[in-house]
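In: Requesting a structural model of the entry that follows:
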Amino acid sequence: MRQRWSNLLFAHWPVAPAVLRPYLPPRLELDVFEGQAWLGVVPFTMSHIRALGLPPVPGLSYLHELNVRTYACLDGVPGVWFLSLDATQPLGVWAARTLFRLPYLRARMQLTRHGPALRAVAERTHSGAPPARFAATWTPGLALPRAQPGTLAHFLTERYYLYTAGPTVRAGQHRTALWRGHLWHEPWLLRHATLNEWTSTLVESHGLPTPEGAPLLYAADAVDVWVRELRRV
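Out: All right, here's what the predicted structure looks like:
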């Protein structure tokens, strides 16, 4: 698939590895930076969505998304592990849950610009899922140098794989299988960001404690994304 990601904010908090470890399948290793795990909340707009070789489908090529994530590694390949992905396109949510085994949830969400500032407001509407609300306003600032390997900014943002898990039947037995998805985009152009508003129960909806302190923030310029294969690992 092809997509464009824009209006994006990375908000991260350091979390003790023991707190996040139970949220990953046994085979996945929690990826840490200098011994510290990280939990992220990322609102953004996804547009220009289309399958390779096909034109965009009207009404299905645009959505807002809000994900809760941490970081994982398997066989030396670092990636993202999503706790949830709230999104505004019901058919897209169904497809992602069914075809890609990703924990997408239906939500109402608006992401609007007010002068230089961006504001995201969301409410989870997915039947049977824990309720969650979110509101944040931030102002992107000056561009940062490209994040270099070995830095925290690179660890948190330059991720080109994702992991997901789901039930499967093998040799007549029901098991949980792991998949690795591959995507590609140019390196992020990150920016300083100033947070003007933050109200959220997203993290708490997973049974996690409310993050302490102000988040580490990066705003990001738009990127075009190629979503590649999803393979069982």
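In: what about the strands in the chain?
Out: When assigned using DSSP state E, the strands of the chain occupy the ranges 2-6, 8-15, 29-30, 37-50, 63-74, 77-87, 104-114, 117-124, 133-143, 161-170, 173-184, 190-200, 216-220, 223-232.
In: Among those, single out whichever gets nearest to residue 93.
Out: Among these, the nearest to residue 93 by CB to CB is strand 104-114 (4.4 Å). In short, each C-beta sits where N, CA and C put it, glycine included.
In: What pairs with the closest one, parallel or antiparallel?
Out: If you go by DSSP bridges, strand 104-114 pairs up with strand 77-87 (parallel), strand 117-124 (antiparallel).
In: buried sites along it?
Out: Of the residues in strand 104-114, 104, 105, 106, 107, 109, 111 count as buried by neighbour count, 16 or more other CB atoms under 10 Å.
In: List the neighbours of that strand that are in contact with it.
Out: In this structure, residues lying in contact with strand 104-114 by CB atoms under 8 Å, 6 or more residues apart in numbering are 7, 43-45, 64-66, 84-88, 90, 92-93, 96-97, 118-127, 129, 137.
In: Turn the strands of the chain into JSON lines, columns for mean pLDDT.
Out: Converted to JSON lines, the strands of the chain look like this (pLDDT from 0 to 100):
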{"stretch": "strand 2-6", "mean pLDDT": "95"}
{"stretch": "strand 8-15", "mean pLDDT": "98"}
{"stretch": "strand 29-30", "mean pLDDT": "98"}
{"stretch": "strand 37-50", "mean pLDDT": "94"}
{"stretch": "strand 63-74", "mean pLDDT": "97"}
{"stretch": "strand 77-87", "mean pLDDT": "97"}
{"stretch": "strand 104-114", "mean pLDDT": "96"}
{"stretch": "strand 117-124", "mean pLDDT": "98"}
{"stretch": "strand 133-143", "mean pLDDT": "98"}
{"stretch": "strand 161-170", "mean pLDDT": "81"}
{"stretch": "strand 173-184", "mean pLDDT": "86"}
{"stretch": "strand 190-200", "mean pLDDT": "97"}
{"stretch": "strand 216-220", "mean pLDDT": "98"}
{"stretch": "strand 223-232", "mean pLDDT": "91"}
